[in-house]
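> sequence plus the predicted model coming up.
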Amino acid sequence: MAGHEIPEPADRKQVADHLSDPLAVEEARHSCDPAFRHGVVVGFDGSTSSERALAYAIGMARRSGSGLIIVHVANRLPTTVWAGCEPPVFVDVPDHRTEVLGLELACADYLSEVPWVLVERGGDICHELEEVGREYSADAIVVGSTHGVVGRIFGSVAGRLARRAKRPVVVIP
């Protein structure tokens, strides 16, 4: 044997292995502010329908005495658009709208009634809203309805989210 073995101390506690305890990893990765646990998640992009959803979510959070988690999902595009390559890899496109929306929300008087936080994510809107809802153990997810041809052809975010979500989804017309 080419080395020196150091014996383990008898009083040493076992450190959680990331492979053996997935819950410990989840808690470490998603350390959310406890003030927003069981809050209301709302999807917000600055559109008229998302502003109506935000107004409803503010009232809902105020009535339940909980926090408001405002989620803006940034754009993600396949790399095939940019580089012409084959693998379905997604790349985050810089989205400065989150900063602009954050500044607008910080100056808004109507948000002074409830504690709130702005969360930026990238990816599929439905998946990210549900993921944030899971991380914060949200009581509900509030989204605005989609009006237009694109929503009718491809399906609206609200409709897809309502079908797959594991928590209540409130769709505001």
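Perfect, I can see it now.

> residues touching T146, list them.
For T146, the residues meeting the contact criterion (C-beta atoms under 8 Å, 6 or more residues apart in numbering) are S49, S156, V157, A158. (Each C-beta comes from the backbone N, C-alpha and C, glycine too.)

> of these, closest to H38?
H38 lies nearest to A158 out of the contacts of T146, by C-beta to C-beta, at 22.1 Å.

> now for E131: which residues touch it?
For E131, the contacting residues are R121, taking C-beta under 8 Å, 6+ apart as the criterion.

> now it: which helix or strand?
With elements delineated by DSSP states H and E, E131 resides in helix 125-135, which encompasses its position.

> quick one, the next helix or strand after that helix and helix 125-135 angle?
Helices and strands here follow DSSP H and E; after helix 125-135, the next one along the chain is strand 140-144. Following axes from the mean of the first three to the mean of the last three C-alpha atoms, to 10 degrees, one obtains 150 degrees for the angle between strand 140-144 and helix 125-135.

> okay, now the sheet partners of strand 140-144, with direction.
If you go by DSSP bridges, strand 140-144 pairs up with strand 40-43 (parallel), strand 169-172 (parallel).

> what about the strands in the chain?
All strands of the chain, identified by DSSP state E, fall at 40-43, 68-74, 76-78, 90-92, 116-122, 140-144, 169-172.

> which among the contacts of T146 gets closest to R121?
If you rank the contacts of T146 by distance to R121 using C-beta to C-beta, V157 comes first, at 13.3 Å.

> quick check: pLDDT value at the residue lying closest to the closest one once chain neighbours are set aside.
Nearest-residue entry for V157: I125, 5.0 Å, with adjacent residues in sequence omitted and distances by C-beta to C-beta, 6 or more residues apart in numbering. Reading off the per-residue confidence, I125 sits at a pLDDT of 89.

> measure C32 to S47 for me?
Taking C-beta to C-beta, to the nearest Å as the measure, C32 and S47 are separated by 26 Å.

> picking up where we left off before, check the strands paired with strand 140-144 for me and report the most buried one.
Most buried of the strands paired with strand 140-144 by mean neighbour count (mean count of other C-beta atoms under 10 Å) is strand 40-43; its value is a mean of 28.

> which other residues reach that strand?
Outside strand 40-43, the residues that reach it (C-beta under 8 Å, 6+ apart) are 50, 53-54, 57, 60-61, 64, 66-73, 125, 129, 132-133, 136, 138-144, 157.

> rewinding a little: which one, of the strands of the chain, ends up nearest to G102?
strand 116-122 (5.0 Å).

> in its sheet, what does the closest one sit against?
strand 68-74 (parallel).
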